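*Asks:* based on what follows, work out the 3D shape:
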Amino acid sequence: MPGARKTFFRLDSEKQKRILSAAIDEFATWGFHRASINRLVGVLGIAKGSIFQYFGNKEGLFSYVFDYAIETVKSGLKKVRKDTEDLDFYSRIKASLLEGVSFIDRHPRLYKIYLKMVFQEDFPSREKYLKKIRLFSVDYLRPLIETGIRRGDIRGDLDPDMAAFMLDSVFDRFMQAYAVPFFDSGAGIHGASRDEIDRMIERLIDTLRLGFSSREK
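*Replies:* Next up is the predicted model:
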């Protein structure tokens with residue numbers, strides 16, 4: 001995939017951050033096809049040719065924003081995985097979903113871009129981008145499931161791949177409901193306080209326990 005060129009990384013860090021933030025705003029507001037390099041450079045006060053020197057084209061710029069988003073998600077979940085390595089499976093899953101909700105709170109523009117990719121627009125290389133997100137999610141969840149099976153937190157007869165697929169689907173839907181009112185479907189997730197979200201996730205985890213838990217427990 002295209003992305004940032006060496007010329008971009010030669011810029012000082014503050015200018016890189018300004019360009020990244022403005023690009024995130026542009027794609028979050030307008031999507032890919034309606035995003036405007038002219039509008040972007042107007043906000044930044046730089047020459048239009050600079051963007052092409054830094055990223056090649058609009059897709060290169062979007063690819064850089066996408067890679068930044070993925071690395072930001074990975075960083076948060078990597079910390080969760082490390083901080084919870086001594087906890088049981090269900091505590092780790094709860095912490096992971098809470099981190100997902102916190103990501104939306106910290107980076108609402110990035111999550112808005114993701115929603116546009118999924119529901120509103122046929123971005124260039126959309127299939128590759130979304131596949132990368134889903135594979136990353138499953139690759140994060142599968143080791144947690146396998147560890148849970150080894151520790152006896154989860155039934156040994158569960159298929160780790162199918163369990164990871166199911167958890168990824170549940171997480172994705174919960175986060176969509178948290179971010180967008182009409183995805184909520186009356187569950188009360190959208191607009192809920194952090195304490196309420198915590199209780200809802202706990203009820204969700206209780207439901208998982210019914211199907212996942214080892215029969216010996």
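*Asks:* could you find the closest non-adjacent residue to the residue nearest the centre of the chain?
*Replies:* Most central in the chain under Cα atoms, centre = their mean is residue 73, positioned 5.5 Å from the mean C-alpha point. Spatially, and ignoring its direct neighbours in sequence, residue 73 is nearest to residue 103 (6.2 Å; Cβ to Cβ, 6 or more residues apart in numbering). All C-beta atoms are positioned from the backbone trio N, CA, C, and that covers glycine.
*Asks:* what of residue 175?
*Replies:* residue 100 (5.1 Å).
*Asks:* likewise for residue 212?
*Replies:* Per Cβ to Cβ, 6+ apart, closest to residue 212 is residue 154, 5.0 Å.
*Asks:* ok, the one you found - how many residues close by?
*Replies:* Residues lying near residue 154 (other Cβ atoms under 10 Å) number 26.
*Asks:* give the bridge partners for it, please.
*Replies:* Beta-bridge pairing for residue 154 (DSSP bridges): residue 213.
*Asks:* any idea how far it lies from residue 147?
*Replies:* Plainly put, residue 154 is 9 Å away from residue 147 if you go by Cβ to Cβ, to the nearest Å.
*Asks:* mutual contacts of these two, please.
*Replies:* Here residue 154 and residue 147 have residue 89 as joint contacts, going by Cβ atoms under 8 Å, 6 or more residues apart in numbering.
*Asks:* helices along the chain, start to end?
*Replies:* Using DSSP state H, the helices of the chain run over residues 6-9, 13-30, 37-44, 48-55, 58-83, 89-106, 108-115, 126-151, 160-179, 194-212.
*Asks:* so which helix or strand of the protein has the lowest pLDDT on average?
*Replies:* Least confident helix or strand of the chain, by mean pLDDT, DSSP states H and E, is helix 194-212 with a mean of 92.
*Asks:* run the chain-centre distance for it.
*Replies:* How far helix 194-212 lies from its chain's middle: 20 Å, per Cα atoms, centre = their mean, to the nearest Å.
*Asks:* which elements pack onto it?
*Replies:* helix 89-106, helix 160-179 (3 or more Cβ pairs under 8 Å, 6 or more residues apart in numbering; DSSP states H and E).
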